[in-house]
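Chemist: Sequence unavailable; structure follows:
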DNA sequence: TATGAATGAGGTTTCATTCAT
DNA sequence: GATGAATGAAACCTCATTCAT
C-alpha cells in the first residue's frame, strides 16, 4: 500500500525520490545536454513541482554533482575494477577498459565525455573540479597500466603520453558519434577496432612474442 | 558575389563591423564557451548596443554560424591546403595535419572541439549540421590520405576506422587539456608525440624500411 | 482555563513545546529580525519538522503574536510592576522604568522597539494592533506618572507630551545602537544618562530643592 | 512629442525613468515598508515590466540604496545646511534641525527612521552601512552643535550623550506615530514641543541670559 | 503529536529580441 | 547604422502551508 508498492515498469523498485531525480536528470542530459537540464523540465519528468526538487537537492548544482557522481559510477568504477583485477595481464586490462569505455559512450550517446566539455566552461567550480578529477583518475589508471606493460624498448613515449593516446579513441568516438552516427562502424568498434588499436599502440609484447 | 562584396560606402574595409563581431564572439566563446556567449556581453565587447548587433546578424544563431565558419577557417581550411599539397607524401601530410590540429587546439583552449560537443546538443539545427559537416570533412580528408598511404597488408583496419583513431589524439587533447593543463606534456605533443603516434598507427613505412 | 491548562499527559511541563517554539523564535528574531523568522529555520532550531509547528500554532501569525506577548512580558510587565509599586516616588518610578527599558533594549539588541517598527508595516492586522497596544500602554503609564510628579508650574508641556519625550531616550537607543554599537556610551547609559535625563525633563524637584 | 512632453500632473516634468523608479519605490515603502517593496509591484506602479527595471538598476539592492540616498537627501542634506548656516546660534540651529526632522518624519509616516530599523537586520551589507552612516552623520552634527552651545557648567553629560537625547524626540515620534497617530499632538510637536525640549535639555544659555 | 513529501504562489533575475527615434 | 528603452518568457529558488501516514 505504500507508494513504492504500485510500481510500474518505469520505476526501478527501490529508487528513492532522490535517485529518481538523478535518473530523470540523466535522461534529460542525454537528450539535451547539461545546459538543457532545466529544473522545470526535470520536475515535470519526475512528476512533481519544481519546489519539491529542492527537498532533495539544495541546488541545481547539487543535482549536477550527483549526475557527475553517477557518470563516475558508470564509467570510472567499472574501470577501476578492471584495473585492479588479478587475472588479466596489463595489456588485457587496457583492452577491456577501452572496450568498456567505448561501449558505454555509445550507449549513453557520449554523454560522459561531452559533459566534460561542458563542465570545462561551467561556472560551478565544484563541478569543474569533479570532472577534472574523473579525467585525471582515468588517465592515471591508464598510465599505471601502460607502465606495467613495459616493453617499448627504446622508451620513446612516456606512460602519460601513451595514456593520452589511449584515451584518444574514446574521445574521438565521443566527439564524432553523436553528430555522425555510423552503425556499421559502431558495430565493429568494441570488438575489433579497440583490440587492434591497443595492438598498434603497445607493440612491445608483440615483439617479445 | 560573396557577401563581403556588397560593401556600401560607409564600410571602407571589408564589412569591418561584421568581422569584429565575430572576432569578439570568438574571444568570448574562448573564455566562457558557447553557452557563455550572451548578446549583451558581445555588444559590450564590440562597443555598441545590443540592438546594433541585429543590424549585422539577424539572429544569435547567425552569429554562431559565423563562428562555426571561422573555426572552419582556422582548422579545416589549412588542413585542406595541407592535404592538397603536391610535395609531401600522404604520411607526411597526415603528420602535418595532426600537428596543425593539436597546435590549434592548444592555442584556442580546445574551443573548436568543445564547440562540437556543445553543438551536439544545440537546438539550432543548422549549427548542428554545420558542425557535423566539419567533423565529416575532416574525417574524409583523413580517410583519403590513409587510403593513399596504403600498406596495411592484411587490411586489418579500414581507412575510416584509422581516420577515427587519428582524430583520437586531438580529441583527447581537447577533452583533457582545458581541465588538466600540463605544460610539460604540451611542449612535447606537437613535435614529438604526434609523429610517434602516426608511426605507430601506420606502420607501413616500417616494413618498407 | 488558560490555554496552557489543557495539557495532556505527554506534556508534563507546562506545554513545553509551545514555549520552546517561542523561545527559539525570539532568538531568531534577535538575530535576523521579524522578517528573518522563517518557519523552516524555526523548525530546525526547535528540532522538529515544519509540519510539527502547525500542531502548536495554527499560523505563522500566531507565532508572531506569541512573540509580541513575550516582548510584552519582558518589557511591559516589569514596567507595570514598577509603576504600581508603593515605595517609590513617581519620579523614582520613572527613572526605574527608563533604566529597565534601556537595559532591556541593550540586552536584546533593541529587538522590542525594532519589532514595533516592522510591525507598523505588517500585513497582519492583529499584530499591528498588539504592538500599538504595547506602545500605548507604555505611554499611558508614563503619562500617569508624569502627571503625579506634577510641579511644572507654568504647565508648559502636557503629560502626554512629556511621556513622548521620556520614551525618546529608549527610542534613540533602539535606533542607533544596533547600527552603531558604542560600548563606552552603553556602560554609562543606564546608570548615568537616564537619571540625568529625568532630572532635566522633570525639573520640578530642582525647584523644590 | 517626446514621451516626457505629455506630462500629466503626476509626472514631475523632468524625472528620468531612474528617478521615477525611485519615486515609486519611495511611495511603496511608505505604504508597505522596505520588505513590502517587490519588484513586480514597483514595475506595475512605474508602468513597465519587471525586466525594464533592470535597465536602470542592476539590482534590487541598488534600488534600496537609491532610496537610502533619497532619504539622506530629504533628511540629512537640509540638516547639514542648517548646521552650516552663519546666522543662527547653535541653540537655534539645534532647534531648527529637530523641527525639520520631526516635520519630515510626520510627512513621511516615519519612513526614514523605520527604514533604519529594517536596515539593521538587512542582509544587504552596503545598505546597512549606508544607514549606519546616516545615523552617524546625524549624531555627529548634533554633537558638534551641542559642544558649541557649551554652558552646561558642571559638565555632566558629554556632547555625544546629549546628541543621543536630542535624537530621542524624533525617534519616539517615529516609533509611536505610525501605530498611534494623534493629530492633536502632531500639531503641537513642531512648533511647541520641540523648542521646549531643547530648552529643557540645554538650559545653560538660559542661565546666561 | 510528529514526519516527510509535496504544493502553489510568488520572489529576483536573465536574456534574446523588438522598435521608435 | 545605431541607440536606448522595453518586452515577455523563462530561469532558479523560497516559503507558508497542507496532508497522508
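Modeler: Right, received. Where do you want to start? What you see is a predicted model; the values in this text were computed from it and never measured.
Chemist: what separates the nearest residue to residue A:61 once chain neighbours are set aside from residue A:56, distance-wise?
Modeler: Counting by C-beta to C-beta, 6 or more residues apart in numbering or on different chains, residue A:124 is the residue found nearest to residue A:61 once chain neighbours are left out, at 4.8 Å. To be clear about C-beta, it is placed using only N, CA and C from the backbone, and glycine gets the same treatment. In this view, residue A:124 and residue A:56 are 18 Å apart by C-beta to C-beta, to the nearest Å.
Chemist: residues from chain A in reach of DNA strand E?
Modeler: Contact residues, chain A versus DNA strand E (C-beta under 7 Å from any atom of the strand): A:17, A:48-52, A:55-56.
Chemist: Out of those, which end up buried?
Modeler: Neighbour-count burial (16 or more other C-beta atoms under 10 Å in any protein chain shown) is assigned, among those, to A:48, A:56.
Chemist: Turn the residues of chain A next to DNA strand E into a markdown table, columns for secondary structure and distance to chain B.
Modeler: Putting the residues of chain A next to DNA strand E into a markdown table (DSSP: H, G, I helix; E, B strand; the rest coil; distance: C-beta to the nearest C-beta, whole Å) gives the following:
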| residue | secondary structure | distance to chain B |
| --- | --- | --- |
| A:17 | helix | 26 |
| A:48 | coil | 25 |
| A:49 | coil | 25 |
| A:50 | helix | 21 |
| A:51 | helix | 26 |
| A:52 | helix | 26 |
| A:55 | helix | 28 |
| A:56 | helix | 25 |
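Chemist: And the pLDDT at the residue nearest to residue A:61?
Modeler: Residue A:124 is assigned 86 on the pLDDT scale.
Chemist: same check, this time on residue A:149
Modeler: If you check residue A:149, the pLDDT there is 87.
Chemist: how about the residue nearest to it when sequence neighbours are not counted, what does it touch?
Modeler: Nearest residue to residue A:149, sequence neighbours excluded (C-beta to C-beta, 6+ apart): residue A:90, at 4.6 Å. When contacts are counted by C-beta atoms under 8 Å, 6 or more residues apart in numbering or on different chains, residue A:90 touches A:145-146, A:148-149.
Chemist: Narrow these to just the buried residues.
Modeler: With burial judged by 16+ other C-beta under 10 Å, the buried subset of the contacts of residue A:90 is A:145-146, A:149.
Chemist: Could you single out the nearest of those to residue B:182?
Modeler: Distances from residue B:182 to these, taken as C-beta to C-beta, are shortest for residue A:146 (16.0 Å).
Chemist: Where does the residue most central in space within chain A fall, secondary structure wise?
Modeler: Nearest to the geometric centre of chain A sits residue A:75, at 3.8 Å (C-alpha atoms, centre = their mean). Per DSSP states H and E: residue A:75 is located in helix A:60-83.
Chemist: Now do that helix: everything it contacts.
Modeler: Contacts for helix A:60-83 (C-beta under 8 Å, 6+ apart): A:18, A:21-22, A:25-26, A:29, A:34, A:37, A:39, A:42, A:53, A:57, A:88, A:93, A:96-97, A:100-101, A:104, A:108, A:111-112, A:115, A:119, A:122, A:124, A:126-127, A:130-131, A:134, A:137-138, A:141, A:144-145.
Chemist: thinking again about what came up before, and which of the residues of chain A next to DNA strand E is nearest to chain C?
Modeler: Taking C-beta to the nearest C-beta as the measure, residue A:55 is the one of those closest to chain C, at 11.0 Å.
Chemist: if we can go back for a sec, okay if I get the buried ones among the contacts of residue A:90 as a markdown table plus secondary structure and distance to residue B:84?
Modeler: Formatted as a markdown table, the buried ones among the contacts of residue A:90 follow (DSSP: H, G, I helix; E, B strand; the rest coil; distance: C-beta to C-beta, whole Å):
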| residue | secondary structure | distance to residue B:84 |
| --- | --- | --- |
| A:145 | helix | 40 |
| A:146 | helix | 37 |
| A:149 | helix | 39 |
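Chemist: How much space separates the closest residue to residue A:179 other than its chain neighbours from residue B:65?
Modeler: Spatial nearest neighbour of residue A:179, excluding adjacent residues (C-beta to C-beta, 6+ apart): residue B:132 at 4.0 Å. Noted for residue B:132: a distance of 13 Å to residue B:65, by C-beta to C-beta.
Chemist: got it, and residue A:85?
Modeler: Per C-beta to C-beta, residue A:85 is found 48 Å from residue B:65.
Chemist: What of residue A:130?
Modeler: On the measure of C-beta to C-beta, residue A:130 and residue B:65 end up 33 Å apart.
Chemist: try residue A:138
Modeler: Using C-beta to C-beta, residue A:138 is found at 34 Å from residue B:65.
Chemist: More neighbours: these two, which one.
Modeler: Set residue A:138 next to residue B:65 and count neighbours by other C-beta atoms under 10 Å in any protein chain shown: residue A:138 wins out with 22 against 19.
Chemist: Wait, the more buried one touches residue A:167, no?
Modeler: Yes - the pair residue A:138 and residue A:167 passes the contact test of C-beta atoms under 8 Å, sitting 6.8 Å apart.
Chemist: give me phi/psi at residue A:59?
Modeler: Per-residue torsions, residue A:59: phi -150, psi 160 (degrees, to the nearest 10).
Chemist: so what's it scoring on pLDDT?
Modeler: On the pLDDT scale, residue A:59 is placed at 94.
Chemist: residues touching it, list them.
Modeler: Counted by C-beta under 8 Å, 6+ apart, residue A:59 has zero contacts.
Chemist: So which bits of chain A are right by DNA strand F?
Modeler: Counting by C-beta under 7 Å from any atom of the strand, chain A sits next to DNA strand F at A:1-2, A:37-41, A:50-51, A:54, A:58-61.
Chemist: Show the buried residues in these.
Modeler: For the residues of chain A next to DNA strand F, a burial check counting by 16+ other C-beta under 10 Å picks out A:37, A:39, A:41, A:60.
Chemist: what's the most distant pair in those?
Modeler: Pairwise over these, using C-beta to C-beta, the maximum falls at A:41 and A:60, 11.8 Å.
Chemist: for residue A:25, what are its contacts?
Modeler: With C-beta under 8 Å, 6+ apart, residue A:25 has these contacts: A:37, A:42, A:63, A:66-67.
Chemist: again, only this time at 10 Å
Modeler: If a contact means C-beta atoms under 10 Å, 6 or more residues apart in numbering or on different chains, then residue A:25 has A:34, A:37, A:39, A:41-42, A:45-46, A:53, A:57, A:60, A:63-64, A:66-67, A:70 as its contacts.
Chemist: before we move on, which element is it in?
Modeler: Here residue A:25 is assigned to helix A:17-32, by DSSP H and E.
Chemist: Now do the buried residues in that helix.
Modeler: Buried residues in helix A:17-32, defined by neighbour count with 16+ other C-beta under 10 Å: A:20-26, A:28-30.
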